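> Got a predicted structure here, sequence first:
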Amino acid sequence: MSQLYINTTQNVNVEFNLASLGSRILAQLLDLVFKACYVTTVLIILNYFDFFTRISIMDYWSFAALIILFFLPVIFYSVFQEVIWNGQTLGKKIMKIRVIKIDGFNAGFADYAIRWLFRVIDVSIGYGIIGLITVIVSDKSQRFGDMAAGTGVISLKKDISINQTILLNLKEDYEPLFPTVIRLSDNDVRIINDTFQAALKAKDYKTISKLVFKIKEVTGIQDTNLKDIQFINTVMRDYNYYTQEM
């Protein structure tokens, strides 16, 4: 599996697994199925209420505008979902892949919109052959839309499934501090949590300090202003943030 190396805004190098071509194609097919289901449902409802007969007296442009209004969720399907779900559509969620910026910054609406606009070239023309070829030949598995937006598509399947014993509830507006916590595995975090909780109960602060040193060594996190206990709690929350919805 190919890797994508990102230098974050904290000047830390993070390694991600690039999404496979197969997973991207399956995600795309799943999204097509969801869009087809929506269109079918809307048509059934409109036909049930004899909608098309009722608006047949309208002029062409008014009729077209109304139809487009009904199908806006399909037209803007990918860009809307990627904005609200941090780089994922329903298909991407199922296939556990995500769109991210390759420069270390967070992707925003403009980035997702650029990818969406380039779908005309990558997906619509030639039944997706152009996008398929560019993903294959690109060293970062990017289609034209990704190249223009400075994004890549990564896999979330390796070392990022969350064990229920380390699951935390986070606020919706939670902002993580340490993206390199994804270098830890579920087992690593479980051990960290168990050791930390036992050390806290025993007031064994020496063990907590050793634990902090080891976490920083594995993740590459540089010196912070956080106290040891705050640091470990933040690492646990950050790990949950990056893995809960993956």
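Noted; the coordinates are in hand. All figures in this text were calculated on a predicted structure; none of them were measured in a lab.

> what stretches of the chain score poorly on pLDDT?
Along the chain, segments meeting pLDDT under 70 span 1, 6-14, 104-105, 158-169, 244-246.

> which stretches of it form strands?
Using DSSP state E, the strands of the chain run over residues 3-7, 13-17, 97-101, 151-155.

> Buried deepest among those, which one?
Per-stretch averages of neighbours, counted by mean count of other Cβ atoms under 10 Å, single out strand 151-155 among these, with a mean of 24. All C-beta atoms are positioned from the backbone trio N, CA, C, and that covers glycine.

> for that one, packing partners?
strand 13-17, strand 97-101, helix 144-149 (3 or more Cβ pairs under 8 Å, 6 or more residues apart in numbering; DSSP states H and E).

> change it to 10 Å
strand 3-7, strand 13-17, helix 21-48, helix 90-95, strand 97-101, helix 109-117, helix 144-149 (3 or more Cβ pairs under 10 Å, 6 or more residues apart in numbering; DSSP states H and E).

> Of all those, which one is nearest residue 192?
Among these, strand 13-17 comes nearest to residue 192, with 18.9 Å by Cβ to Cβ.

> Kindly reformat the strands of the chain as TSV and extend each row with distance to residue 210.
TSV is the format used below for the strands of the chain (distance: least, Cβ to Cβ, whole Å):
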stretch	distance to residue 210
strand 3-7	29
strand 13-17	25
strand 97-101	33
strand 151-155	32
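
> Residue 189: which of the ones you listed is closest?
Per Cβ to Cβ, nearest to residue 189 of these: strand 13-17, 16.7 Å.

> who touches residue 69 in this structure?
Shown in contact with residue 69 (Cβ atoms under 10 Å, 6 or more residues apart in numbering): no residues.

> nearest to residue 73, of the helices and strands packed on strand 151-155?
Closest among these, using Cβ to Cβ: helix 21-48, at 6.2 Å.

> now the closest one and strand 97-101, what's the angle there?
With axes from the mean of the first three to the mean of the last three Cα atoms, to 10 degrees applied, the angle from helix 21-48 to strand 97-101 works out at 100 degrees.

> how many degrees apart are helix 21-48 and strand 151-155 in direction?
100 degrees.

> tally of neighbours for residue 199?
20 (other Cβ atoms under 10 Å).
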